[in-house]
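Novice: Build the 3D model from these lines:
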Amino acid sequence: MSKIRRAIYPGTFDPITNGHLDIIRRASHMFDEIIVSVAVSQEKKPMFSLEQRIEMVKTATKNYPSVTVIGFNSLLIDLSDKLDANIIIRGLRAVSDFEYELQMGYANTSLKEELETVYLMPSLQHAFVSSSVVRSILHFDGKIDHLVHDDVLKLIKCTL
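Specialist: The predicted structure is shown next:
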């Protein structure tokens, strides 16, 4: 009997974007279970509360039966122990992402040797999309419907 291939996709998802969803969709073909783990991340000063971000992710991933959504406020290695998942999924849009994510991947592996990080690039049409871009556009009441899932857009409009 083979072991379930369970992967964690951590992030602040403030808010979840079509770029994130692209990574989730593609990762769901690679792994049996994806646990999207929404970080508390007070140091990033999120625009949306943890509860709002979890609701957005759950709403956007409702058609992905292999996806579970949780919140967390711990080291990623502790979360991986708790969830019995030794694969971390990270998205890379640019060289700057790669430098940061490589450093974090090495740091995590130094704390837990069996932890593997899988890096996925978003599809070309989502390569520029980030939560910070969405938040910047929102700040000026700009159009974001092409950057986020329709149901996430409705939740954002209800929140703001």
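Novice: And the helix or strand of the chain with the lowest mean pLDDT, what's buried?
Specialist: Using mean pLDDT, DSSP states H and E, the weakest-scoring helix or strand in the chain turns out to be helix 95-111, at a mean of 92. By neighbour count, and taking 16 or more other C-beta atoms under 10 Å as the criterion, the buried residues in helix 95-111 are 101, 105, 108. Glycine gets a C-beta too; all of them are placed from N, C-alpha and C.
Novice: Now do the last one against residue 69, distance only.
Specialist: For residue 108, the distance to residue 69 equals 21 Å [C-beta to C-beta, to the nearest Å].
Novice: Helix or strand: which one has residue 122?
Specialist: Assessed by DSSP states H and E, residue 122 sits outside every helix and strand.
Novice: That one and residue 49, how far apart?
Specialist: Counting by C-beta to C-beta - residue 122 and residue 49 are separated by 26 Å.
Novice: for residue 97, same thing?
Specialist: 25 Å.
Novice: Helices along the chain, start to end?
Specialist: Listed in chain order, the helices of the chain (DSSP state H) span 18-28, 50-60, 76-83, 95-111, 131-139, 150-159.
Novice: Format those helices as CSV; extra columns: distance to residue 38.
Specialist: Output for the helices of the chain, formatted as CSV (distance: least, C-beta to C-beta, whole Å):
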stretch, distance to residue 38
helix 18-28, 11
helix 50-60, 5
helix 76-83, 11
helix 95-111, 17
helix 131-139, 12
helix 150-159, 13
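Novice: so which of the ones you listed comes closest to residue 4?
Specialist: Residue 4 lies closest to helix 76-83 among the helices of the chain, at 10.9 Å (C-beta to C-beta).
Novice: got the CA positions of the closest one in PDB?
Specialist: Only the C-alpha atoms of helix 76-83 are listed here, as PDB (Å, rounded to 0.1, in the frame of the first residue of the first chain):
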ATOM      1  CA  LEU A  76       6.200  25.200   9.000                       C
ATOM      2  CA  ILE A  77       8.200  22.200  10.100                       C
ATOM      3  CA  ASP A  78       5.900  21.900  13.200                       C
ATOM      4  CA  LEU A  79       2.900  22.100  10.900                       C
ATOM      5  CA  SER A  80       4.400  19.400   8.600                       C
ATOM      6  CA  ASP A  81       4.800  17.100  11.600                       C
ATOM      7  CA  LYS A  82       1.300  17.700  12.800                       C
ATOM      8  CA  LEU A  83      -0.100  17.100   9.300                       C
END
